[in-house]
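A.B. asks: Need a 3D model of the sequence below.
(2 chains)
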There are 2 protein chains.
Amino acid sequence: MTAPLDDTALDQLFRAARTHNRWQDRAVGDETLRQLYDLVKMAPTSANSSPGRFVFIRTREGKERLRPALSAGNLDKTMTAPVTVIVAWDQRFHDKLPVLFPHADAKSWFTGNAAFAEATAFRNASMQAGYLIMAARALGLDTGPMSGFDNARVDEAFLANTGWKSNLLVNLGYGDEAGLQARLPRLAFDEAVDLA
Amino acid sequence: MTAPLDDTALDQLFRAARTHNRWQDRAVGDETLRQLYDLVKMAPTSANSSPGRFVFIRTREGKERLRPALSAGNLDKTMTAPVTVIVAWDQRFHDKLPVLFPHADAKSWFTGNAAFAEATAFRNASMQAGYLIMAARALGLDTGPMSGFDNARVDEAFLANTGWKSNLLVNLGYGDEAGLQARLPRLAFDEAVDLA
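C.D. replies: This next block holds a predicted model:
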């Protein structure tokens, strides 16, 4: 029988973790990014469709390529983050289904139904963004997810000829607590939950 | 400095966790559902918008109300799960932004821009579904997320007059390993990741 994780772990994943804006001068190595992906890939997606794709931008050249797509409020924290992840989805994710979901012809559910394919990719790649944030925290990293950027520019600068489409950005690194803002309120149970 | 969680925790959250189809005869109490929400609500959403809403169906009457909306393949495992969560989003989530994000007029970003509001709600409620799955596993629960159901019927049966819209379902309980299917493959790092 599986027990709950201890309070230290729940704090690290959920309660004490914060969205960070300033970063310690501490690199995130490619080996850590591989560990991160190896966790994220295991978490569930619809029909194992795994539509999420991830561009890890960790070079100066990559960051400069990203710069023109960033909103003013996201510029400094993103240019200084050790890694910025473009969480994207593959518009042709269903081409992998004969391997990923071999016991049914799942590919045929999506070919010829572009709206269903798009909704499935958007939903599940967003869930995978959630997994990425949790996996990063589980590995001791801090995160800073963002929607404030020009998706078309990111797609043009990083995803041309891939068929991938950008969803959101997530900064990764080791946060500097001096850059934290006050914790914002959350909805109470009764505002967000119904029991049936 | 935050350390990585140990292998037992990483296994529980990602590597050993499975999507479950059969359930032990063991209830999930309402106190556990409150603990679950108290974790989920802390994880990040865009501008703290917190669009996700959650209907915890745990009564026989609630399950019978859900039954006609379920696809054949999801019927038995859902009817027998101790709890089924409707993960939804609030189409008027931005009405809460003066409280949730008080330092800017974030509500005005969404009123009058229905497409942006819908994309923000869908993206972030899906991320919150990912957080829910991770939080459940952190609390020692097993999960079974599903998209195979009739959204319009669920909305009509559970969300009428709320302004909430169903996104996906997640079964919750303590899984019976005898009901597990073989682990499906995942995409290799080089198939899903690009470095820049």
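A.B. asks: so A:W89 sits right up against A:N167, yeah?
C.D. replies: Yes: at 6.0 Å, A:W89 counts as touching A:N167 under the criterion of Cβ atoms under 8 Å. Just so you know, the C-beta spots here come from the backbone N, C-alpha and C atoms, and that holds for glycine as well.
A.B. asks: Give me the common contacts of those two.
C.D. replies: When contacts are counted by Cβ atoms under 8 Å, 6 or more residues apart in numbering or on different chains, the set common to A:W89 and A:N167 consists of A:122, A:125.
A.B. asks: May I have the distance across stretch A:147-154, first residue to last?
C.D. replies: End-to-end span of stretch A:147-154 (Cα to Cα, to the nearest Å): 12 Å.
A.B. asks: Any buried residues in that stretch, and which?
C.D. replies: A:147, A:149, A:151, A:153-154 (16 or more other Cβ atoms under 10 Å in any protein chain shown).
A.B. asks: Can you say which two of the residues you listed are spatially most distant?
C.D. replies: Pairwise distances among the buried residues of stretch A:147-154 were taken by Cβ to Cβ; the largest, 14.0 Å, belongs to A:S147 and A:R153.
A.B. asks: What residues does the closest residue to A:K41 other than its chain neighbours make contact with?
C.D. replies: Spatially, and ignoring its direct neighbours in sequence, A:K41 is nearest to B:R186 (4.2 Å; Cβ to Cβ, 6 or more residues apart in numbering or on different chains). Taking Cβ under 8 Å, 6+ apart as the contact definition, B:R186 lies against A:41-42, A:48, A:50, A:100.
A.B. asks: now with 7 Å?
C.D. replies: A:41-42, A:50 (Cβ atoms under 7 Å, 6 or more residues apart in numbering or on different chains).
A.B. asks: Next, A:G112: secondary structure please.
C.D. replies: Reducing the assignment to helix, strand or coil with DSSP: H, G, I helix; E, B strand; the rest coil, the entry for A:G112 is coil.
A.B. asks: Pop out the phi and psi values for it.
C.D. replies: Torsion angles at A:G112 (phi, psi; degrees, to the nearest 10) stand at phi 80, psi 0.
A.B. asks: tally of neighbours for it?
C.D. replies: 8 (other Cβ atoms under 10 Å in any protein chain shown).
A.B. asks: hmm, back to that, which ones, among the buried residues of stretch A:147-154, also lie beside chain B?
C.D. replies: A:S147 (Cβ under 7 Å from any Cβ of the partner chain).
A.B. asks: in chain A, which spans are helices?
C.D. replies: With DSSP state H as the definition, chain A shows helices at residue ranges A:7-10, A:30-40, A:60-66, A:72-80, A:97-100, A:107-110, A:114-138, A:151-158, A:189-192.
A.B. asks: For B:A9, find the nearest of those helices.
C.D. replies: With Cβ to Cβ as the criterion, B:A9 lies closest to helix A:7-10 of the helices of chain A, at 5.4 Å.
A.B. asks: ends of stretch A:21-35, how far apart?
C.D. replies: From its first residue to its last, stretch A:21-35 covers 23 Å (Cα to Cα).
A.B. asks: Enumerate the positions of it that are buried.
C.D. replies: Neighbour counts using 16+ other Cβ under 10 Å place A:21-23, A:28, A:32-33, A:35 of stretch A:21-35 among the buried residues.
A.B. asks: Give me the mean pLDDT for it.
C.D. replies: The predicted model gives stretch A:21-35 an average pLDDT of 98.
A.B. asks: Same question for stretch A:184-196.
C.D. replies: Throughout stretch A:184-196, pLDDT has a mean value of 98.
A.B. asks: If you count neighbours, what's buried in that stretch?
C.D. replies: Neighbour counts over stretch A:184-196 (16+ other Cβ under 10 Å) mark A:186-187, A:192-194, A:196 as buried.
A.B. asks: could you dump the residues you listed to CSV with distance to B:R65?
C.D. replies: As requested, the buried residues of stretch A:184-196 are arranged in CSV below (distance: Cβ to Cβ, whole Å):
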residue, distance to B:R65
A:R186, 29
A:L187, 25
A:A192, 20
A:V193, 17
A:D194, 12
A:A196, 7
